[in-house]
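> pasting the sequence and the predicted coordinates here, then a few questions.
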Amino acid sequence: MQAIYRHRFIVGPEAIDANGHVNNVVYVQWMQDMAVRHADAAGCTDTTREIGATWVARSHWIEYLSPAFAGDEIEALTWVAGFRKVRSLRRYRFVRTSDNATLAQGETDWVFMDLQSGRPRSIPEAVSAAFVLLPDAPQP
């Protein structure tokens with residue numbers, strides 16, 4: 001089990017805005033996509049479904065550091081920084097591979113929810129045990 005989940009991709013033209021670089025809201029989509037990929041790879045998605053639960057975003061924080069452009073290869077990294085009773089803090093970093101520039105970094109505060117009641121639910125050990133926690137941001 002790896003603490004940091006990594007995924008490389010090429011920025012497509014659909015991600016580019018009128019300013020000629022990746023639009024800021026695209027990073028939120030990438031964060032969501034990375035969280036799902038990591039959860040799938042860790043077996044968390046299946047366990048969560050089996051017990052009738054889901055994750056919902058409570059808040060996002062993003063810091064944009066350098067622009068990305070169509071054709072750039074990006075390495076996206078994500079990891080779980082911590083768990084609280086019903087919440088999980090997940091962090092992200094997006095790095096351009098050609099120059100190792102950090103383009104953006106951020107975090108999402110996720111809430112574990114019961115599908116039937118729609119209410120927050122305590123995170124069971126079977127879910128939290130799927131991840132290695134990294135409270136401090138690692139270097140890419």
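Noted; the coordinates are in hand.
> use CA for all of it now, contacts and neighbours both
OK.
> got a list of what the nearest residue to Val111 once chain neighbours are set aside touches?
Of all residues not flanking Val111 in the chain, Arg87 sits nearest, at 4.5 Å (CA to CA, 6 or more residues apart in numbering). Going by CA atoms under 8 Å, 6 or more residues apart in numbering, Arg87 touches Asp109, Trp110, Val111, Phe112, Ile123.
> what pLDDT does the model give Arg87?
According to the prediction, Arg87 has pLDDT 98.
> and it, how far is that from Tyr5?
19 Å (CA to CA, to the nearest Å).
> show me the shaky parts of this structure.
The model of the chain has pLDDT under 70 over residues 137-140.
> for the lengthiest helix in the chain, what is the distance to the chain centroid?
The longest helix of the chain (DSSP state H) is helix 24-42. Taking CA atoms, centre = their mean, to the nearest Å, one finds the center of helix 24-42 at 4 Å from the center of the full chain.
> what's in contact with that helix?
With CA under 8 Å, 6+ apart, helix 24-42 has contacts from 1, 5, 7, 15, 45-46, 60, 64, 76-78, 90, 92, 130-131.
> of the residues you listed, which belong to strands?
The strands, defined by DSSP state E, take in Tyr5, His7, His60, Tyr64, Ala76, Leu77, Thr78, Arg90, Tyr92 from those.
> need the nearest residue in space to the fourth one, chain neighbours excluded.
When you say that, I think you mean Tyr64. Spatial nearest neighbour of Tyr64, excluding adjacent residues (CA to CA, 6+ apart): Ala104 at 4.4 Å.
> please give the centre-to-centre distance between whichever helix or strand the one you found is part of and its chain.
Element membership of Ala104, judged by DSSP states H and E, is strand 101-114. Mean-position distance between strand 101-114 and its chain equals 5 Å (CA atoms, centre = their mean).
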